[in-house]
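Peer 1: Below is the sequence, then the predicted model.
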Amino acid sequence: MISATKNPGVTEALISRMHADGRAATEADTLAVEEPLEIRLGFPDKTHKAISITMRTPGDDIELAAGFLFTEGILKTPEQIAQIRHCGLPDKDKNIQNTIMAELKEDIDIDLKRLERNFYTTSSCGVCGKSSIEALRTGVQKVDSNGFKFDPQLINKLPGILRASQDVFEQTGGLHASALFDIKGELEIVRRRGPPQRAG
C-alpha cells in the first residue's frame, strides 16, 4: 500500500501488471477498501449492546447501520433513534472509525430476545447467512406505492444514469452502489459505499 486518498472508500497500492507480450510492470492502482463495521444499540440507561458486524466500504456507515436496524425488524421507524454516530477512536493508520452507535429514545420497545443471537451481515442481498426461512421474515412493512407507475422506457434508462454518477466504480472497477430516483427519473441520492454525496 503506497498511500491513502481523502476518500476513505478507496486506497492506492502498487501492483504488478502482466502484459500480453510477457512484460511485467509495477504501477499504482486504485482499490476499493473493505473494513469491518460494528453496529451497537445505545439504551437510555447508558448501557449499550453490540448487535452486528458487517464488512463494508467506509463512507455511508450511518445510513448502512440505520437501514440494517430497520430491515432486520429491530426498529420500526427512524423516530425511534435519538442519535446515530460513529464512536471510538479512528484507526491511527487509516483515519476510519469502525463502530456506529444508534442511541435510542426513551420508552422504545426492543425485542431483546431477538438481539441474543449475533448478527453477521454481508454485503450480499441479505438472504445469504440467514439460518432459516423464518429468519427472513423480519416484519418490515411494505412501502405503499400510492398507485403510481413508472414508464418501462424510463426504468431501462436508470442503470445508465446511476452508472454515470459512480465515481468510485470509475476509479476501482468494482463497487456496489444504490440510488433514489424520483418518479420522473431524476437522480436524487447516490450511495456508493463511499462518502455520502447528493446529486446536483
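Peer 2: Nice, I can see it.
Peer 1: quick one: average confidence on the helix or strand where residue 13 lies?
Peer 2: Secondary structure assigned from DSSP states H and E places residue 13 in strand 10-18. In this model, strand 10-18 carries a mean pLDDT of 84.
Peer 1: Using PDB, write out the CA atom coordinates for it.
Peer 2: Extracted in PDB, the C-alpha atoms of strand 10-18 (Å, rounded to 0.1, in the frame of the first residue of the first chain):
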ATOM      1  CA  VAL A  10     -10.500   3.800  -1.800                       C
ATOM      2  CA  THR A  11      -6.800   3.400  -1.400                       C
ATOM      3  CA  GLU A  12      -3.800   3.100  -3.700                       C
ATOM      4  CA  ALA A  13      -1.500   0.100  -3.900                       C
ATOM      5  CA  LEU A  14       1.500  -1.000  -6.000                       C
ATOM      6  CA  ILE A  15       0.600  -3.900  -8.300                       C
ATOM      7  CA  SER A  16       2.400  -6.000 -10.900                       C
ATOM      8  CA  ARG A  17       0.600  -5.800 -14.200                       C
ATOM      9  CA  MET A  18       1.300  -8.600 -16.700                       C
END
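Peer 1: For whichever helix or strand comes after that strand, name the packing helices and strands.
Peer 2: The helix or strand immediately downstream of strand 10-18 is strand 24-32, counting by DSSP H and E. Applying 3 or more CB pairs under 8 Å, 6 or more residues apart in numbering; DSSP states H and E, one finds that strand 24-32 contacts strand 10-18, helix 167-172. All C-beta atoms are positioned from the backbone trio N, CA, C, and that covers glycine.
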